[in-house]
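# sequence plus predicted model, see below.
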Amino acid sequence: MLRSVRTAIALRSLILPKGARGLSASIENDQMGEGEIQLDRRFEKVGIPFESKVSSILTSAIPEDKVILGKDGMLSISEEHYKSLLNEAFGHGGWALIPVDDIKELPPNDPAQKYVQLVREYALYCHERFISQAFGETNFYSATQNYADAAERIKVTALTRCCKDFGVASELWDKRWADSWRAKYGIQEWAENVTTQRKANLWRRKDEDWSWPFKRSTFYK
């Protein structure tokens, strides 16, 4: 029993951000059988709903012109839109995305792979309340990309995943809504990457043309 409690406390301290490890469970005295163990203070207010105004802001419908259509057909919204909703709901400075650990570099699966995958775990807090925790990741090409920019992309993907627990942009995960949006605003056509001469059947918005390094291709060869 003593060993299992100590192990739990040690693991809890590992998953907390370095600056927040003072919030981990504490032991009132050295006698484990007689001491009182306090629950992790991160979770003190978990399960207590925010006021209805906050919920209305976070679950508001996405303006259809704010949706980003990836070349693979995936839908998303910008980092700025997520931050705008959080600022409106909680006020500037009323929320924070805190890194839980340092950036880690995952070993490549293929020796010929020209990039490495960078990952980092973040925790989202709003009004001093723990909301969610998620990993962010990105593929980093050291020969052509800036490391600082890659670190920012990691943060964006983590923010997106943490906000899913709030129901932010939940339409994006609704297949029927996504299919309807693509049918209305998107088009799929052959395009060529002029730097590699590779052609693929890709997506774009109807109101946007191809930008470098892509151009429209009328056939596949």
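Looks like it arrived, so ask away.
# could you point out which element follows the helix or strand of the chain with the lowest mean pLDDT?
None of the helices or strands of the chain scores lower by mean pLDDT, DSSP states H and E than helix 2-15, at a mean of 41. Next helix or strand after helix 2-15 toward the C-terminus (DSSP states H and E): helix 52-58.
# and the pLDDT at N109?
Looking at N109, its pLDDT is 79.
# burial count for it?
7 (other Cβ atoms under 10 Å). Using the backbone N, CA and C atoms, a C-beta is placed for each residue, glycine as well.
# mind listing what's buried along the longest helix along the chain?
Longest helix of the chain, by residue count under DSSP state H: helix 147-164. Across helix 147-164, burial judged by 16 or more other Cβ atoms under 10 Å covers 150-151, 153-163.
# in CSV: those, plus pLDDT and distance to P49.
Shown next, in CSV, are the buried residues of helix 147-164 (pLDDT from 0 to 100; distance: Cβ to Cβ, whole Å):
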residue, pLDDT, distance to P49
A150, 94, 37
A151, 94, 34
R153, 94, 32
I154, 96, 30
K155, 96, 27
V156, 95, 27
T157, 95, 27
A158, 96, 24
L159, 96, 22
T160, 94, 23
R161, 95, 21
C162, 95, 18
C163, 94, 17
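# could I get those as TSV with distance to L97?
TSV is the format used below for these (distance: Cβ to Cβ, whole Å):
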residue	distance to L97
A150	17
A151	13
R153	14
I154	11
K155	7
V156	10
T157	11
A158	7
L159	6
T160	11
R161	11
C162	7
C163	10
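# beyond the longest helix of the chain, next helix or strand please.
For helix 147-164, the following helix or strand on the C-terminal side (DSSP H and E) is helix 175-185.
# residues making contact with that next one?
When contacts are defined by Cβ atoms under 8 Å, 6 or more residues apart in numbering, helix 175-185 is touched by residues 64, 67, 69, 73, 75, 171-172, 203, 205-207.
# spatially central, which residue of this protein would that be?
A158 (2.4 Å; Cα atoms, centre = their mean).
# for it, which non-adjacent residue is closest in space?
Residue nearest to A158 in three dimensions, not counting chain neighbours: G136, with 3.0 Å by Cβ to Cβ, 6 or more residues apart in numbering.
# count of neighbours near that neighbour?
When neighbours are defined as other Cβ under 10 Å, G136 has 24 of them.
# so for the strand or helix carrying it, mean pLDDT?
Here G136 is covered by strand 129-140, with elements defined by DSSP H and E. Across strand 129-140, pLDDT averages out at 93.
# stretch 86-94 too?
Mean predicted confidence for stretch 86-94 is 96.
# what does it contact?
50, 53-54, 57-58, 95, 126-127, 163.
# phi first, then psi, for Y125.
phi -120, psi 140 (degrees, to the nearest 10).
# how far does stretch 136-153 sit from the chain's center?
Put simply, stretch 136-153 sits 15 Å off its chain's centre (Cα atoms, centre = their mean, to the nearest Å).
# re the thing from before, can I have the buried ones of the contacts of stretch 86-94 as a PyMOL selection?
A single PyMOL command suffices to select whichever of those are buried according to 16+ other Cβ under 10 Å:
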select buried, resi 50+54+57+58+95+126+163
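# excluding chain neighbours, what is closest to I57?
Using Cβ to Cβ, 6+ apart, the nearest residue to I57 is A89, at 4.3 Å.
# tell me which helix or strand that neighbour sits in.
Mapping A89 onto the secondary structure by DSSP H and E places it in helix 79-90.
# what angle do that helix and helix 147-164 make?
50 degrees (axes from the mean of the first three to the mean of the last three Cα atoms, to 10 degrees).
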